[in-house]
Structures are given as C-alpha cells and as structure tokens.
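**Q** my questions concern the predicted model and sequence given below.
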Amino acid sequence: MGQIVGGAAKPKRCNLNKLSQIDTPAAGEHILVSSDNSMNAAGQGNFDYYIVGDGTTAATALPLHTIASNEIGLLDMNAATSSAVHRFVNPLKIAMQDLDGDTIYVADNEGNVVAKIDASGIHAIEVEAQGYKLSEIEKIDNILDWYSDALYVTDVNGNVIMKVDAQGVHSVNGKENQWAGLKMATYGDSITALNGGDVSAPISEENTNAKWSLKVARYFLFNKLFNRGIGSTTMAYRAHGGQVSWVNTITGEYVGRDDNYNYDNYSGHVTIPTGCTAIRSDGCSWLRITSMFPASIKDTINVVLIQFHNDYHQDMATDAAWVDNDTTDPEWAASSYYSSFGGDYNISSVKGGIASMIMKLQAWMPNALLVLMTPISGVYINGNENVKDLENVESAKMKTLAEVVEDIAFRMSIECIDVYGTDGINSLNHSQFITDGIHPYNDAGCKIIARAVISGLNPIVPNL
C-alpha cells in the first residue's frame, strides 16, 4: 500500500483541471489531486489521487497514483524517541506484535485519520482541531484534549484493534474484544423498543442517550445493531399471539401496533401502512421472528440478546413440555421447518414459550449466537425510594421470571446474562433509574442496564 509522505507542512493539493497551472513539482514533493475538481478556495475537496515530483517533469506529465481515503495527509514524522508520547508508544508497539507487520491508522470518532503506526513507530498526521494545527506527534495528548471522543485504531483491512482515549490505550484486538466489527441484534418488549431502530457504526456517545443497546454496541464496537422490540409483549403465546403489530417489510424494523386488535381480527379495523407487514406480537411467534429478521439480514447477525418482562403475570409455574403435532402457532405449523420438528412446546406457558422461541430462532438463524437475559430489576416496586422491603408482591414475580429464564437457558444450554441480579437497581434507588415504575427512560437507567449487559457479554465468545 502506498502512502503520502512529506515535510512538516500539509501536502499541496490541486484540481485535476488545474495541474497545468502549477510549477514543476520538486523532487519528492507530493501533491494531492482531486479528479472531480471539487477543491474549493480553502483547499477542501475530494482527493483520490496524488503525484510525486521528480524536479524536472511537469505536473501534467507525472503519473497519477490512486490513494485510499485513510491515506490522505500522512506525514512521515517518526516519533519513536519522543518522550512526550511514551504512555502511547509503548502500548501501541506491544499491540503491533499481533498485526504481522500491518500498517495501522488512528482515526477519531468522525473518521478523521490522525496518526499512522507501523513497525518503526508512530507517525503523525497533520490535523486541525478548533483551528489549532497538530502536526507533531508530541501533540497527541492535545489531540485527545481537542477531540471529545476516543480515537480508534484500525489495521489496513479496517478492523478496529484498539481504542485510545484520555485514560490511555485499550486493546480491542481479537483476543480481548472479539465482538468488534460484528453485528448484534436485540429482541424483546418495550425495554428493547426504547432503543429505536437499526443503527450502523460509528455510534457517537450523544446518540446513545437513554438507549442501553446503543451503549452496548458502542462499547464493543459492533458494526451494526438491529433493535427488534415491541411493547407490551411476552415470550408466552397469548390468545392469537398477542396484539397485531406491523414492521417494515424490507428491514424488519418495528413500526407500530394496535392493542385493541389481534392478528386474526384486525382486518377491516386497522390500516397497515404501505411498505409494512402485519404480524403477531408475542416473542415465540414464528411470524414475528421471520418478519423482524427477514432473510436478507438473518444470516448476517452474530448475536441476539433476548429480554422480556411482561411474562411476570403469565403462567410461570407450568413446566415446558413438548406437544406433538401442535398447531397453536399457525405460521410455524404451516412453515417448511415444521416437518423437521413435528410439533411445538406448550407455548401458552412462559417456560414453553421461551423454549419455543429458542427453537424457532435457532432454526431460522443458525449462524447467530442466542443470549437470553433476565429482566431488569427494580420494576413494579410500589411506594417511594426509601422503602426498606427488598421486594413486594409484584417485584417478587419479576424475580421468579428471572429464575425461569435462567432455568430454561441452562436446560437448553443457551448463554444467559443475569441482568436482574447485577444491574444494581433495588428498592432503595429504583426511582433514579426506573422513571415510570417500569421503564428506564432516562440515561442513568440505560447506563446501569448497559453496564450489566456489557459485563455479561464480555466473557462470551462469538461463534467460531
């Protein structure tokens, strides 16, 4: 891979149709060239080529070299001996041992490349932050001051391998963060739905406000996040599979629902928007699973985090049991997958619903690692935040639901994150995080939930 090198000044730049107007480039002089002639008076534009002078050949006669966007503006400034960057140089050199000689680039959260690293050390890239030029590697500490977000280091293939922030260098290579660059999905009820729709990297900290799944995706540097939540739904299959909802036919994203009607009686009463597909809402519904994870995306997803809460008032006592030739879920019974199973679990119970949901997700999305999560704690607690009872009748039911989820996860050998037992929300502090008694609508609530999810997902290894 070629690179643009030069002195301490920013390389010259020029529109392709103006090359004939510049002086003959000096030997070794690099000039960025905009082939679409987009450079403005301030020197800004799309630069996709460069030329290198030999001291005698006119600029128009020099060959054009193609450059990648992450190579623009590189300056060859070796800083291996700079004492000012010792706290960055040494960790980065150690990380280089896993790169087999690759060249890596450091970019801020906006995608601006600010440094290049190879086996010989760290090389600065001239950048401007709030009008201040940072053209020396000694100013890398200043870069972190000027940029409010972290810097990310990628190898030449675009794989994020480490993160640099004001606290230092954090390795996110394949050994310590195996989720970087992968795709995550969430599947659940309103506490999942509050995260919004699909999100692609990079995810800014601002965009994660009051959205726990975005905080998780940003922490692990997931490349794509598919949020699939529908409010007021359960894992157990209620009458008709719950209320009628509708999703984007192409992407599978949730669009809306009508709690007054179900999938079997909405016709003539509910108008489904153009471009949307009507579905049953409950989590074990084959129609919901296949519609929210359409064929176009289902095999690209690496992990699905599954969390529901409303089952606390469903039948949690009845154990999961297989029912031969069961057709309670009509779309499942009519599918081509049904013949391989010949029935379903007793999906009107919570345990049967969870088992059925796992079975169907595994069948439909065999490439995805499924991770069940217990519900968040601190919901449905009556009284004010100073109540000293560890739980009341309603919160005790949520604790039972958490135990049911863990039980089925263990028996089906499914990864499980215990959010209920680790999120830190209890009867003494719940009002700080659960704003309406049920939902973590504020950022504090989403942060504490995200921390529990991150702690649980961190040791889990993706499918190999």
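**A** Sure, I can see it. Residues are numbered from 1 along each chain as shown.
**Q** I figured Ala239 hits Asn262, correct?
**A** Yes - with contact defined as Cβ atoms under 8 Å, Ala239 counts as touching Asn262 (7.0 Å). All C-beta atoms are positioned from the backbone trio N, CA, C, and that covers glycine.
**Q** so between the two, which is more surrounded?
**A** Asn262 (19 against 9; other Cβ atoms under 10 Å).
**Q** ok, the closest residue to that one other than its chain neighbours - contacts?
**A** Using Cβ to Cβ, 6 or more residues apart in numbering and skipping the chain neighbours, the partner closest in space to Asn262 is His240 (3.7 Å). Contact analysis of His240 by Cβ atoms under 8 Å, 6 or more residues apart in numbering lists Asn262, Tyr263, Asp264, Asn265, Arg280.
**Q** reformat the residues you listed as JSON lines; add distance to Asn442.
**A** Putting the contacts of His240 into JSON lines (distance: Cβ to Cβ, whole Å) gives the following:
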{"residue": "Asn262", "distance to Asn442": "33"}
{"residue": "Tyr263", "distance to Asn442": "34"}
{"residue": "Asp264", "distance to Asn442": "38"}
{"residue": "Asn265", "distance to Asn442": "37"}
{"residue": "Arg280", "distance to Asn442": "31"}
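**Q** wait, is the residue nearest to Asn262 part of a helix?
**A** Yes - applying DSSP: H, G, I helix; E, B strand; the rest coil, one finds His240 inside a helix.
**Q** if we can go back for a sec, which two among the contacts of His240 are spaced furthest apart?
**A** With Cβ to Cβ as the measure, no two of the contacts of His240 lie farther apart than Asn265 and Arg280, at 11.9 Å.
**Q** what about these two, which has more around it?
**A** Arg280 (28 against 12).
**Q** so that one touches Tyr261, yeah?
**A** No - counting by Cβ under 8 Å, Arg280 sits too far from Tyr261 to count as a contact (11.5 Å).
**Q** what sits in contact with each of those two?
**A** Contacts common to Arg280 and Tyr261, judged by Cβ under 8 Å, 6+ apart, are Val244.
**Q** what comes into contact with stretch 437-451?
**A** Against stretch 437-451 from outside (Cβ under 8 Å, 6+ apart): 190-191, 194, 208-213, 215-216, 219, 309, 376, 379-381, 419, 423-425, 432-435.
**Q** got a PyMOL select line for the buried ones in those residues?
**A** The PyMOL command for the buried members of the contacts of stretch 437-451 (criterion: 16 or more other Cβ atoms under 10 Å) is given here:
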select buried, resi 190+191+194+208+210+211+212+213+215+216+219+309+376+379+380+381+419+423+425+433+434
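**Q** so what's Asp198 up against?
**A** Asp198 neighbours (Cβ under 8 Å, 6+ apart): Lys224, Leu225, Phe226, Asn227, Thr251, Glu253.
**Q** again with Asn463
**A** Going by Cβ under 8 Å, 6+ apart, the list of residues near Asn463 reads Asn302, Asn367, Ala368, Leu369.
**Q** where do the strands of the stretch 201-350 of the chain begin and end?
**A** 224-229, 243-248, 254-262, 276-280, 303-307, 322-324, 343-345 (DSSP state E, counting those that start in this stretch).
**Q** and those as a markdown table, adding distance to Ala396?
**A** Listed next are the strands of the stretch 201-350 of the chain as a markdown table, based on distance: least, Cβ to Cβ, whole Å:
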| stretch | distance to Ala396 |
| --- | --- |
| strand 224-229 | 25 |
| strand 243-248 | 27 |
| strand 254-262 | 26 |
| strand 276-280 | 30 |
| strand 303-307 | 19 |
| strand 322-324 | 30 |
| strand 343-345 | 26 |
